[in-house]
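**Student:** Sharing a sequence plus its predicted fold:
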Amino acid sequence: MTTDSRSLRDYVEEPDELFQLPDKEFFPLIYDEFKPEVDRLKRAYSVGGNDSKPSAVSPSVILYGEEYDEVNRTLVGLLALRWVHNNQYDILVSNQAEALRLSRESFDWIHNFYRESIKTSEELYFIITSIIVNDIGKDDQLAIDYQTATGEDISHLNHDMILLKAARGGLLGCLERLSEADRSDMIYGMELGAEFNFGQLAQAENVPACLANFEKMRDHARSFRLRFLEQMLDIAGAAGHLDWTCAKKLTQSNFDAYSTVYEVGIGIISDGLTLREGYDLVLTRRLELLQEKGFRKLDLEVEDDRALARLLCMTSAADPATAELYDRAWTTLEDDVRQSLRESLNIDGSVETPAVQVTYIPALITQAVDASGPGTSEAKERRLQSALRYLNKVMSAPEKPDGPVSVIERNVLATLKNVVQNPQFREDPTTLEQALVPESLVAKMES
């Protein structure tokens, strides 16, 4: 598809030249190198959204002539890599809300981290490959292809575990182009991601048991650094299906959360923090941010406060008004619902007492509440309480997968799309409370 005879392998030798290419040359260059992987993203599921989209041509339209959400999300992650490399702060933050905008100081931290982590053409090729393959486990066909090749049905696993299985099973041809050392480091990063998701920790969506994989990374610091960089770029592209002209989700609050994840990882890998101590760093940093702006002090030793702190992290609450909305909804929730939800939100995860990880609950709650959108605070509070009742229903459901499971995953993406994004929800928020509990999947199994 490119008019230039040089391949991506040639261009990574001259990264300044690579990242000066216009989009109409840059994306076809990437596609020529990763066609099977990018094609898988056309089938991948996504959250969607109703935001108005920019007039600029999207990455997927350049490649395919039509919109594909996950193609855009992934390729905006590559654009973010370009903006970081080129030190283009103004472009990266261009459409971010002023109140949420990433600071220049934080961008400089990311730029310097990138410079320290990507010093060779091989490492640049590594990070590009990592960005491309990160979400292809969302393609249902990958699990089908794996079963065809091996006879093992992995369709019940989460998309990160499916990616890891496919990589180990030789279904990702692009990994064969990496050196043995780089391929090993990428697999280590996938192993970390299969039971630990950076974004899920950044917003306290997962549980302390998921941090156990950091303990396995003690001899693989380079792999951890590269995985962290890839995940930072992943959040930069998270809204790429809605706006491909900037890194809309790499806001200051999200950067603070992700840099805390790095602090947690290093703390467990190098400094001997326990899993709960590491996890509570995430909650502490969110509370410090809110307290600096005037929100009340919460005590993580008090289970009710700790449960509320998790909700504030899940929804990336970054201002006192939003935090106070959640506080009011939480403290006025029915006693039995709040007690049940409090217990569920404080489970660390073990075979004896598995924790439930509700995937996509941050998106479900924030879209349900629409805290910064139109409407009265009372209406937003009613929608939030319906979301909390549904969360309790999902977390307290008794069924669990077979085996020594310490963390159960229940994915509410279908409920988000079919109920919360349905106009009827605004008229009657209790429709959410009637939604079904999703299937229970294995998020972490103990050996």
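**Tutor:** In hand now; what should we look at?
**Student:** counting contacts, what elements does the host helix or strand of Lys444 pack onto?
**Tutor:** Assigning secondary structure by DSSP states H and E places Lys444 in strand 440-445. Counting contacts by 3 or more CB pairs under 8 Å, 6 or more residues apart in numbering; DSSP states H and E, strand 440-445 packs against strand 405-411. In this view, the C-beta of every residue, glycine as well, is placed from N, C-alpha and C.
**Student:** Lys293: how many residues sit nearby?
**Tutor:** Using other CB atoms under 10 Å, the number of residues around Lys293 comes to 12.
**Student:** neighbouring contacts of whichever strand or helix holds Cys313?
**Tutor:** Assigned by DSSP H and E, Cys313 falls within helix 303-314. The list of residues contacting helix 303-314 from outside it, by CB atoms under 8 Å, 6 or more residues apart in numbering, reads 202-205, 257, 282-283, 286-287, 290, 298-300, 323, 326-327, 330, 338, 341-343, 345-346, 361-362, 365, 388.
**Student:** Return the set of buried residues in stretch 140-150.
**Tutor:** Neighbour counts over stretch 140-150 (16 or more other CB atoms under 10 Å) mark 142-143, 146 as buried.
**Student:** Looking at the closest residue to Arg410 other than its chain neighbours now. What's its pLDDT?
**Tutor:** Sequence neighbours aside, Pro438 is the residue nearest to Arg410 in space, at 4.4 Å (criterion: CB to CB, 6 or more residues apart in numbering). Looking at Pro438, its pLDDT reads 96.
**Student:** Helices along the stretch 201-350 of the chain, start to end?
**Tutor:** Across the stretch 201-350 of the chain, reading from the start of the chain, the helices by DSSP state H, counting those that start in this stretch fall at 221-236, 252-271, 275-292, 303-314, 320-331, 335-345.
**Student:** mean pLDDT for the ones you listed: which is lowest?
**Tutor:** Among the helices of the stretch 201-350 of the chain, helix 252-271 carries the lowest mean pLDDT, a mean of 89.
**Student:** Kindly spell out which helices and strands sit in contact with that helix.
**Tutor:** Short answer (3+ CB pairs under 8 Å, 6+ apart): helix 252-271 packs on helix 104-117, helix 198-202, helix 221-236, helix 275-292.
**Student:** For that helix, C-alpha coordinates in CSV please.
**Tutor:** Output of helix 252-271 as CSV, limited to C-alpha atoms (Å, rounded to 0.1, in the frame of the first residue of the first chain):
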residue,chain,number,x,y,z
GLN,A,252,-3.8,14.6,34.1
SER,A,253,-5.9,12.5,36.4
ASN,A,254,-5.3,9.4,34.2
PHE,A,255,-1.6,10.1,34.1
ASP,A,256,-1.5,10.5,37.8
ALA,A,257,-3.3,7.1,38.1
TYR,A,258,-0.9,5.4,35.6
SER,A,259,2.2,6.8,37.2
THR,A,260,0.9,5.5,40.5
VAL,A,261,0.6,2.1,38.8
TYR,A,262,4.3,2.3,37.9
GLU,A,263,5.1,3.3,41.5
VAL,A,264,3.0,0.3,42.7
GLY,A,265,4.8,-2.1,40.4
ILE,A,266,8.3,-0.9,41.3
GLY,A,267,7.3,-1.0,45.0
ILE,A,268,6.3,-4.6,44.8
ILE,A,269,9.1,-5.7,42.5
SER,A,270,11.9,-3.8,44.3
ASP,A,271,10.8,-2.6,47.7
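**Student:** so how far is it off the chain centroid?
**Tutor:** 14 Å (CA atoms, centre = their mean, to the nearest Å).
**Student:** Give the buried residues for it.
**Tutor:** By 16+ other CB under 10 Å, the buried positions in helix 252-271 come out as 252-269.
**Student:** what's the answer for stretch 331-346, then?
**Tutor:** By neighbour count on 16+ other CB under 10 Å, the buried set for stretch 331-346 is 333, 337-338, 340-342, 344-345.
**Student:** Same question for stretch 303-315.
**Tutor:** Buried residues in stretch 303-315, counted by 16+ other CB under 10 Å: 304-315.
**Student:** cool, and stretch 321-331?
**Tutor:** Within stretch 321-331, the residues that count as buried by 16+ other CB under 10 Å are 322-330.
**Student:** nearest spatial neighbour of Leu192, skipping sequence neighbours?
**Tutor:** Setting aside the residues directly before and after it, Leu192 is nearest to Asn213 in space (CB to CB, 6+ apart), at 4.8 Å.
**Student:** Would you mind measuring from that neighbour to Leu229?
**Tutor:** In this view, Asn213 and Leu229 are 17 Å apart by CB to CB, to the nearest Å.
**Student:** again with Arg183
**Tutor:** Here Arg183 is placed at a distance of 17 Å from Leu229 (CB to CB).
**Student:** The two: which is more packed in?
**Tutor:** Neighbours per residue, other CB under 10 Å: of Arg183 and Leu229, the larger number sits with Leu229, 24 against 17.
**Student:** Looks like that one contacts Glu116 (just checking).
**Tutor:** No. Taking contact to mean CB atoms under 8 Å, the distance of 9.7 Å between Leu229 and Glu116 leaves them out of contact.
**Student:** Low-confidence ranges, this protein, go.
**Tutor:** Judged against pLDDT under 70, the low-scoring parts of the chain cover residues 1-4, 47-51, 447.
**Student:** same thing but 80
**Tutor:** Scanning the chain for pLDDT under 80 picks out 1-4, 45-52, 195-197, 447.
**Student:** And it, what are its domain boundaries?
**Tutor:** For the chain, whose domains are defined here by automatic domain parsing, the residue ranges read 8-249, 333-447.
**Student:** hmm, back to that, could you dump the buried residues of stretch 321-331 into JSON lines and include distance to Ile235?
**Tutor:** Shown next, in JSON lines, are those (distance: CB to CB, whole Å):
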{"residue": "Thr322", "distance to Ile235": "19"}
{"residue": "Ala323", "distance to Ile235": "21"}
{"residue": "Glu324", "distance to Ile235": "26"}
{"residue": "Leu325", "distance to Ile235": "24"}
{"residue": "Tyr326", "distance to Ile235": "22"}
{"residue": "Asp327", "distance to Ile235": "26"}
{"residue": "Arg328", "distance to Ile235": "29"}
{"residue": "Ala329", "distance to Ile235": "26"}
{"residue": "Trp330", "distance to Ile235": "26"}
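**Student:** Which of the residues you listed sits closest to Val84?
**Tutor:** When these are compared for distance to Val84 (CB to CB), Thr322 comes out closest, at 28.6 Å.
**Student:** Next up, the contacts around the closest one.
**Tutor:** 315, 371-372.
**Student:** now do 7 Å
**Tutor:** Residues touching Thr322, when contacts are defined by CB atoms under 7 Å, 6 or more residues apart in numbering, comprise Ala371.
**Student:** Quick check: the gap between it and Leu157.
**Tutor:** From Thr322 over to Leu157 (counting by CB to CB), the distance is 34 Å.
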